[in-house]
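Asks: Here is the input, now give the coordinates:
(one chain, ligands or ions: 2)
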Amino acid sequence: MQKINKIVKNVSTFLYPNICLHCNDVGQDGLDLCRRCYSSLPWIMHACKHCAIPLPVSSASICGACSKRDLYFDQAFAPFVFDQFIREAVYQYKFNSKLNYGKLLAHLLVQSIQNQNLTIPDVIVPVPLHRKRLRKRGFNQALEIARVLSKQIGGVISVQDILRARETHAQMELAAKHRHANVKDAFTLSAPKPLFKSRHVVIIDDVMTTGNTVNEVAKRINMAGAERVDVWCVARVV
Ligand SMILES: [Zn+2]
Ligand SMILES: [Zn+2]
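Replies: Ligands and ions are numbered 1, 2, ... in the order given. Coordinates of the predicted model:
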């Protein structure tokens, strides 16, 4: 059976080869990205374990800001800086609804999680969109990434357990001093959630700007009794 699966995969790769979304060359490892473009992605080599901000390779594993603050999540992970092709791919995915870019970003995130040997969570929580924005966009970019993650590595996706209580501005559009107030108490639990109780929960988002948004989501999950909350994003704004 394994042999047949391999043959089917080889035939479909031959008939429908992966094409690099950046330069149209042939994709590698089942990704719509060629070897050259893959290696030139804006990888984060070393980051703060707490908030995922890139740090010089030889520095400590906690940044200066995190050594002075308490966050509601334990660890954040993002494989990329929000820059270059990753920024372009997020834009095409979110604002032009090109879902093949989202699929590529999700697969890159899965690969990075596997390479880092991160612990697979019990529950995966995509950052919810407000219903008005969901209606306008037609999909929640974080949920689509969470679907790929859940299928590839496991974890039950929680949808509708955490809701946006009110509309917020996109964090990236705001000056740093307004970002905390923008998302403060913006999320609510839809009902008491035994789903989170004593569980390891991972919050998924496409881009982490300052961490204020995921911190607000983490606050609610903690209130529902989670044992541990982590954050996985595709890219980190620096
Ligand atoms: Zn390429
Ligand atoms: Zn930090």
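
Asks: and the strand or helix carrying residue 145, C-alpha only, in CSV?
Replies: Secondary structure assignment for residue 145, by DSSP states H and E: helix 141-153. Below are the C-alpha coordinates for helix 141-153, written out as CSV (Å, rounded to 0.1, in the frame of the first residue of the first chain):
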residue,chain,number,x,y,z
GLN,A,141,-6.5,33.3,7.7
ALA,A,142,-5.5,31.9,11.1
LEU,A,143,-8.1,29.1,10.9
GLU,A,144,-7.0,28.0,7.5
ILE,A,145,-3.4,27.7,8.8
ALA,A,146,-4.7,25.9,11.9
ARG,A,147,-6.5,23.4,9.7
VAL,A,148,-3.2,22.4,7.9
LEU,A,149,-1.4,22.2,11.3
SER,A,150,-4.1,20.0,12.8
LYS,A,151,-4.1,17.7,9.8
GLN,A,152,-0.3,17.4,9.6
ILE,A,153,0.8,17.3,13.3
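
Asks: what comes into contact with it?
Replies: With contact meaning C-beta atoms under 8 Å, 6 or more residues apart in numbering, helix 141-153 is reached by 93-94, 99, 102-103, 105-107, 109-110, 113-114, 120, 124-129, 155-157, 159, 204-206, 232, 234. Using the backbone N, CA and C atoms, a C-beta is placed for each residue, glycine as well.

Asks: Outline the domain layout of this structure.
Replies: What automatic domain parsing lists as the domains of the chain is 1-40, 43-236.

Asks: Select, out of these, the one closest to ligand 1.
Replies: Ligand 1 lies closest to domain 1-40 among the domains of the chain, at 3.2 Å (C-beta to the ion).

Asks: Residue numbers of this structure in contact with ligand 1?
Replies: Selection of the chain residues close to ligand 1 by C-beta under 5 Å from the ion yields 20, 22-23, 25, 34, 37.

Asks: so can I have a markdown table of these showing neighbour count?
Replies: Listed next are the residues of the chain next to ligand 1 as a markdown table, based on neighbours: other C-beta atoms under 10 Å:
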| residue | neighbour count |
| --- | --- |
| 20 | 20 |
| 22 | 20 |
| 23 | 11 |
| 25 | 14 |
| 34 | 20 |
| 37 | 19 |
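
Asks: Just flag the most distant two among those residues.
Replies: Greatest spatial distance among the residues of the chain next to ligand 1 (C-beta to C-beta): 22 and 25, at 8.3 Å.

Asks: Common neighbours of these two, please.
Replies: 34, 37.

Asks: follow-up on the earlier one: out of the contacts of helix 141-153, which are inside helices?
Replies: Counted as lying in helices by DSSP state H, out of the contacts of helix 141-153, are 93-94, 99, 102-103, 105-107, 109-110, 113-114.

Asks: Below-threshold pLDDT in the protein: ranges please.
Replies: Scanning the chain for pLDDT under 70 picks out 1-2, 4-16, 192-193.

Asks: how about the residues of it that lie near ligand 2?
Replies: By C-beta under 5 Å from the ion, the part of the chain that sits against ligand 2 consists of 48, 50-51, 63, 66.

Asks: Out of the residues you listed, who's the most crowded?
Replies: Counting neighbours by other C-beta atoms under 10 Å, residue 51 comes out on top of the residues of the chain next to ligand 2 with 23 neighbours.

Asks: Surely it and residue 65 touch.
Replies: Yes: if you go by C-beta atoms under 8 Å, residue 51 and residue 65 touch, sitting 7.0 Å apart.

Asks: tell me the strands in the chain, going along the chain?
Replies: 75-77, 80-81, 123-126, 156-157, 162-164, 187-189, 200-208, 228-236 (DSSP state E).

Asks: That'll do, ta.
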